[in-house]
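# sequence first, then the predicted structure:
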Amino acid sequence: MIKVGVVGGTGYTGVELLRLLSRHPQVELTAITSRGEAGMPVAEMFPSLRRRVDLKFVTPQDAQLEKCDAVFFATPNGIAMKQAAELVAAGVRVIDLAADFRIRDVAEWQKWYGMEHAAPALVAEAVYGLPEVNREQIRNARVLANPGCYPTAVQLGFLPLVEAGVIDADHLIADAKSGVSGAGRKAEVHTLLPEAADSFKAYGVAGHRHLPEIRQGLSLAAGRTVGLTFVPHLTPMIRGIHATLYGRIKPGIELPDLQALFEKRYAGEAFVDVMPAGSHPETRSVRASNLCRIAVHRPQGGDTVVVLSVIDNLVKGAAGQAVQNLNIMFGFDEEAGLDIVPVSP
Ligand SMILES: NC(=O)C1=CN([C@@H]2O[C@H](COP(=O)(O)OP(=O)(O)OC[C@H]3O[C@@H](n4cnc5c(N)ncnc54)[C@H](OP(=O)(O)O)[C@@H]3O)[C@@H](O)[C@H]2O)C=CC1
Ligand SMILES: CC(=O)N[C@@H](CCC(=O)OP(=O)(O)O)C(=O)O
C-alpha cells in the first residue's frame with residue numbers, strides 16, 4: 001500500500017481522482033485538500049463517495065502531504081510549481097494534472113501561461129506522462145507532467161501517422177470538441193447552463209495553450225518541428241472530447257495499410273482501442289473510462305487521412321491517465337483501479 005494525497009479535492013478532476021483511487025487496491029488515500037472547506041467530510045460534499053472516502057478535507061499546507069508516497073495536484077496552472085520542490089525533497093513523487101511541467105521550453109511556457117515559472121529546474125527533470133510514448137521514463141519520474149485533455153486525444157490520434165512519416169507534417173489539422181467539464185468546476189459565465197446548452201462554438205482559434213504542448217509531442221515523434229492548426233470547440237455535453245484529425249498523405253510514397261499501422265502501433269496498449277475500419281467512435285463509448293477509442297479513415301481513397309479520436313476528458317484526459325502514470329511509477333499493474341466499463345447511455 002502507498003499513501004496518496006490529492007491537492008484540489010473539490011474540483012472536477014480532483015473528485016474523479018477520488019472516485020478512481022478509492023477503489024485502487026494498492027492506494028491508501030491520506031490527505032485531500034481544500035482551501036475553503038477544510039474540516040468538512042469529503043463525502044458530505046460528494047455523496048457519491050459515501051462509504052468509499054472517510055476523510056475530511058485538510059488545507060493545502062497540511063503536514064500529511066509530506067508523509068505521502070505520491071501527491072496529485074488537481075489544481076489550476078501555477079500551483080504545483082510552487083509546492084513541488086519541497087515535496088520532492090521530502091521523498092514525495094508529484095503528479096501534476098495542470099500544465100506546470102508539460103512544456104520543456106520555460107520561456108515558451110511563460111509566454112503561453114502568462115506567469116513566471118517558479119521551478120524551472122524541475123521542468124528539466126519532469127517526465128511527460130503519455131504512457132503510450134514515455135512508459136520507460138515514467139517509471140522513475142519524481143515529477144510527472146500529466147498531459148492535457150486535448151493533447152491526449154490529438155497526440156494519440158496522430159502519432160502512428162507522424163511516427164511512420166506518411167503524412168505531411170507541415171500541415172496537420174486538429175478539430176477538437178470538448179464537453180463543458182473541461183473548463184473545471186469554478187463558476188464562469190460561459191459554462192452556465194443557459195450559455196453552454198443548446199449551442200456550439202469554436203474558441204481559441206488564434207492560439208490555445210494546448211497548441212505548444214501538442215506541437216512539442218508531435219515534433220518529438222516526427223523528429224522535426226511540425227506545423228499544426230488546432231481549433232478547440234465547446235459542445236453542450238458534460239464529459240468527452242472528440243478530435244477529428246486531418247493529414248495529407250505525402251505524395252509519391254508507398255502508403256502502408258493504415259488500419260494495420262494503427263493496430264500495430266497500439267497492440268498491447270490497454271487503454272487505446274483501435275476500432276474496426278469504417279467506425280465512428282462516440283464519446284459516450286468511453287464515458288467514465290480511461291479508454292481512447294480511435295478510428296482511421298481515408299475518404300474516397302483520396303489524399304487525406306481522417307482520424308477520429310475520443311476520450312473522456314476527466315479520465316484519459318486527466319485523472320485516469322494520472323492514475324495510470326501512478327501505476328507505472330510504483331510498479332503496479334497498469335490497469336489497477338482503472339478496470340472500468342464505460343457508462344452508456
Ligand atoms: N477539467 C478537465 O477536463 C481537465 C483539467 N485539467 C487540469 O487539471 C487541473 C484541475 O482542473 P479541474 O479539476 O477541472 O479544476 P477545478 O476548477 O474544478 O478545481 C480546481 C481545484 O483546485 C483547488 N485550488 C484552486 N486554487 C488553489 C490553490 N491556490 N491552492 C490549492 N488548491 C487550489 C480548488 O479547491 P479549493 O478552492 O477548495 O481549494 C479545486 O479543488 C487544472 O490545471 C486543469 O487545467 C487537465 C485535463 C483535463
Ligand atoms: C472546455 C474547456 O474549457 N477546456 C479547457 C481545457 C482543459 C484544461 O483543463 O486544460 P489543461 O488540460 O491544460 O489542464 C480549455 O480550453 O481551457
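Nice, thanks for sending it over. Numbers count the residues shown, from 1 in each chain. Ligands and ions are numbered 1, 2, ... in the order given.

# in the chain, which spans are strands?
Listed in chain order, the strands found in the chain under DSSP state E are 2-7, 27-32, 70-73, 93-96, 127-128, 143-145, 172-178, 201-202, 228-234, 241-248, 272-274, 292-297, 304-311.

# partners of the fourth one, with directions?
Yep, that's strand 93-96 we're talking about. strand 70-73 (parallel), strand 143-145 (parallel) (DSSP bridges).

# turn those into TSV, including mean pLDDT, mean neighbour count and distance to ligand 1.
Glycine gets a C-beta too; all of them are placed from N, C-alpha and C. Shown next, in TSV, are the strands paired with strand 93-96 (pLDDT from 0 to 100; neighbours: other CB atoms under 10 Å; distance: least, CB to the nearest ligand atom, whole Å):
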stretch	mean pLDDT	mean neighbour count	distance to ligand 1
strand 70-73	98	27	8
strand 143-145	98	26	11
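
# including distance to ligand 2, could those go into TSV?
Formatted as TSV, the strands paired with strand 93-96 follow (distance: least, CB to the nearest ligand atom, whole Å):
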stretch	distance to ligand 2
strand 70-73	11
strand 143-145	10
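
# what helices or strands is the longest helix that the chain contains leaning on?
What stands out as the longest helix in the chain, according to DSSP state H, is helix 149-164. Contacts defined by 3 or more CB pairs under 8 Å, 6 or more residues apart in numbering; DSSP states H and E place helix 149-164 against helix 131-139, strand 172-178, helix 210-222, strand 228-234, strand 241-248, helix 258-265, strand 292-297, strand 304-311.

# repeat the analysis, applying 6 Å as the threshold.
The contact analysis (3 or more CB pairs under 6 Å, 6 or more residues apart in numbering; DSSP states H and E) places helix 149-164 against helix 210-222, strand 241-248, helix 258-265, strand 304-311.

# show me what that helix is in contact with.
167, 174, 176, 182, 210, 213-214, 217-218, 221-222, 241, 243, 245, 247, 261-262, 265, 292, 294, 307, 309, 311, 313, 316-317 (CB atoms under 6 Å, 6 or more residues apart in numbering).

# if we check ligand 2, which of those residues are in contact?
Counting by CB under 6 Å from any ligand atom, G182, H210 from the contacts of helix 149-164 sit close to ligand 2.

# the stretch 201-345 of the chain against ligand 2: which residues are in contact?
H210, P232, L234.

# which residues touch the first one?
Contacts for H210 were tallied using CB under 6 Å, 6+ apart; they are G148, Y150, P151.

# in the sheet, who's paired with K201?
Going by DSSP bridges, K201 forms beta bridges with L234.

# tally of neighbours for the nearest residue to E213 once chain neighbours are set aside?
Nearest in space to E213, with sequence neighbours left out and distances taken as CB to CB, 6 or more residues apart in numbering, is P151 at 4.6 Å. Around P151 there are 27 other residues, counting by other CB atoms under 10 Å.

# break the chain into its domains for me.
If you go by automatic domain parsing, the domain ranges for the chain are 2-125, 150-314.

# which one of those domains lies closest to G331?
domain 2-125 (9.6 Å; CB to CB).

# how long is the closest one end to end?
23 Å (CA to CA, to the nearest Å).

# now swap in stretch 46-57 and tell me
12 Å.

# what's the answer for stretch 33-40, then?
Calculated as CA to CA, the first-to-last residue distance of stretch 33-40 is 10 Å.

# got the buried residues for that stretch?
T33, S34, E37 (16 or more other CB atoms under 10 Å).

# can you pull out the low-pLDDT segments for the stretch 201-345 of the chain?
Of all residues in the stretch 201-345 of the chain, none has pLDDT under 70.
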